[in-house]
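S.K.: My questions concern the predicted model and sequence given below.
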Amino acid sequence: MIHFSVDDLQHRPEVCRMLLQLVMAPHLARKSASVDILSEEKEVLRLAWRLGRAIRPKDVTMHFRINFRTARRLLHSLSEKGLLKPMIGKRGVRHYELRPMHPEQKW
């Protein structure tokens, strides 16, 4: 069972859709067209959706109490898989934004 608030459905439908895709993907994804996502990466995606803003390595570090390099590695891996978009600042990548997913896109 998945619960959504009315506010989320009205104002953030893309987040609700992504959460549904995250839950349903293991059951619906075709093996040849899917992207392998580690359980740690799924948790990072859930955190990003909950935050509702760009996610920083510091957010991952503080939430999961892991090393900064590990957090950066997870974010970079999700970026390479096309699930996060790195936002480059003056001194390199500072944060990552969720990429919108289309209903036909599977992972």
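M.R.: Received the coordinates, thanks.
S.K.: switch to C-alpha atoms for all contacts and neighbour counts from now on
M.R.: Noted.
S.K.: residues in contact with stretch 74-82?
M.R.: 35, 40, 41, 44, 57, 84, 85, 86, 96, 99 (C-alpha atoms under 8 Å, 6 or more residues apart in numbering).
S.K.: what's the pLDDT at the last one?
M.R.: So the one you mean is residue 99. Predicted confidence (pLDDT) for residue 99: 83.
S.K.: What is the burial count for residue 68?
M.R.: When neighbours are counted by other C-alpha atoms under 10 Å, residue 68 registers 15.
S.K.: Tell me how many other residues surround the nearest residue to it once chain neighbours are set aside.
M.R.: The shortest distance from residue 68 to any non-neighbouring residue, by C-alpha to C-alpha, 6 or more residues apart in numbering, is to residue 61 (5.7 Å). Neighbour count of residue 61, defined by other C-alpha under 10 Å: 16.
S.K.: check which helix or strand covers residue 61.
M.R.: Using DSSP states H and E, residue 61 sits in helix 57-64.
S.K.: which stretches of the protein have low pLDDT?
M.R.: Filtered on pLDDT under 70, the chain yields the residue ranges 25-36, 101-107.
S.K.: go again using 50 as the cut-off
M.R.: Scanning the chain for pLDDT under 50 picks out 30-33, 102-107.
S.K.: What segments of it are strands?
M.R.: Assigned by DSSP state E, the chain shows strands spanning 84-89, 92-98.
S.K.: Tell me what angle the first one forms with strand 92-98.
M.R.: The reference is to strand 84-89. 140 degrees (axes from the mean of the first three to the mean of the last three C-alpha atoms, to 10 degrees).
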